[in-house]
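Asker: Attaching a predicted model along with its sequence, questions to come.
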Amino acid sequence: MLAAIEAGGTKFVCGIGDATGSRLTRTIPTRDPDSTLADVARFLAEAAAEHGAFTAIGIGSFGPLDLDRTSPTYGSIAATPKPGWAGTDMPGFLKARFGVPVAIDTDVNVAALAEARLSGVRRLAYVTVGTGIGVGFARNGETETGFGHAEAGHIPVRRHADHGIFAGTCPFHGDCLEGMASGPAIKAAWGHSLEGLPPDHPAWDVTATYLGQLCRTLILTTMPERIVLGGGVMAQERLLPLVREATEKQLNGYCGPWTHEAFTTRIHLPQSQEPPGLVGAYLLAATVADQ
């Protein structure tokens, strides 16, 4: 039995089970670290009492994270716009509370791990478009990190003419990808989320164009076999074909393996039945369960 946590900026999804599925899950609103982690610990204790002790905990977390294993703050949240969370050491808290190994990676990395295992591809990029925008990578059954982890949500974008003088919402960069196409950015620019806007509203094309720029960049720099687009913004089904179309238009016939057919077969919504970040957190926990 393993414990898994998908730690998001809006909610924590917690489960006990394994990569084949959860026995029990609970969604906890993300508030301040003390209150949120107290609720997480309470759920895990109750779940263990009902279903049996777990041997490890996996966490897929919003970031940025310190993933430098030589760092004294390894596993902690680094500078983040999420109030109060900078410096929070979730692995340390949970290991002290439950006395089992704890593994942590970014929420998008573990989601990539889950989707890659499900699809059987060797190299997959997972994009979440929600409260923020993040990108994770899985290759040959492992997540990819280096000195830190990718922060592709903060790359600069070519501004869409219909965005006018909108400054963007990112507190660090203003009009980066996250500042222009995340859920909060869409509401700030247009007054509503996409679901509240008519199909002919320019917000649809603007958002798809920015996400197409991201997909183009991923294809040109990492050449994934599949790009998975998840998160709350992508829950609007009509957005996916618009992103595919924007990506193909921007590549303009360049990059041979990405033929016209590839854009409909290689850019997908998540296929996992459970939240892929939660499934990936189980997979992450399994890697440290015997330590």
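Answerer: That came through, no problem.
Asker: When you work out contacts or count neighbours from here on, use the C-alpha atoms and nothing else.
Answerer: Noted.
Asker: Now do the buried residues in stretch 229-239.
Answerer: 229-231, 233-235, 239 (16 or more other C-alpha atoms under 10 Å).
Asker: I meant stretch 178-189, not that one.
Answerer: 178-186, 188-189.
Asker: Out of those residues, flag the one nearest to Val13.
Answerer: Nearest to Val13 among the buried residues of stretch 178-189 is Gly183, at 19.1 Å by C-alpha to C-alpha.
Asker: What separation is there between that closest one and Pro276?
Answerer: The gap separating Gly183 from Pro276 is 19 Å, by C-alpha to C-alpha, to the nearest Å.
Asker: Please dump the buried residues of stretch 178-189 into TSV; it should also carry pLDDT for every row.
Answerer: Shown next, in TSV, are the buried residues of stretch 178-189 (pLDDT from 0 to 100):
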residue	pLDDT
Glu178	95
Gly179	96
Met180	97
Ala181	97
Ser182	96
Gly183	95
Pro184	95
Ala185	97
Ile186	97
Ala188	97
Ala189	97
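Asker: among those, which are in strands?
Answerer: When DSSP state E defines the strands, the subset of the buried residues of stretch 178-189 inside them is empty.
Asker: what about the helices in the stretch 51-200 of the chain?
Answerer: For the stretch 51-200 of the chain, the helices defined by DSSP state H, counting those that start in this stretch occupy 90-98, 107-119, 177-181, 183-190.
Asker: Reformat those as a markdown table; add distance to Ala38.
Answerer: What follows is the helices of the stretch 51-200 of the chain, written out as a markdown table (distance: least, C-alpha to C-alpha, whole Å):
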| stretch | distance to Ala38 |
| --- | --- |
| helix 90-98 | 10 |
| helix 107-119 | 20 |
| helix 177-181 | 30 |
| helix 183-190 | 27 |
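Asker: can you tell me which of the ones you listed comes nearest to Pro72?
Answerer: helix 90-98 (11.6 Å).
Asker: elements contacting that closest one?
Answerer: helix 33-51, strand 102-106 (3 or more C-alpha pairs under 8 Å, 6 or more residues apart in numbering; DSSP states H and E).
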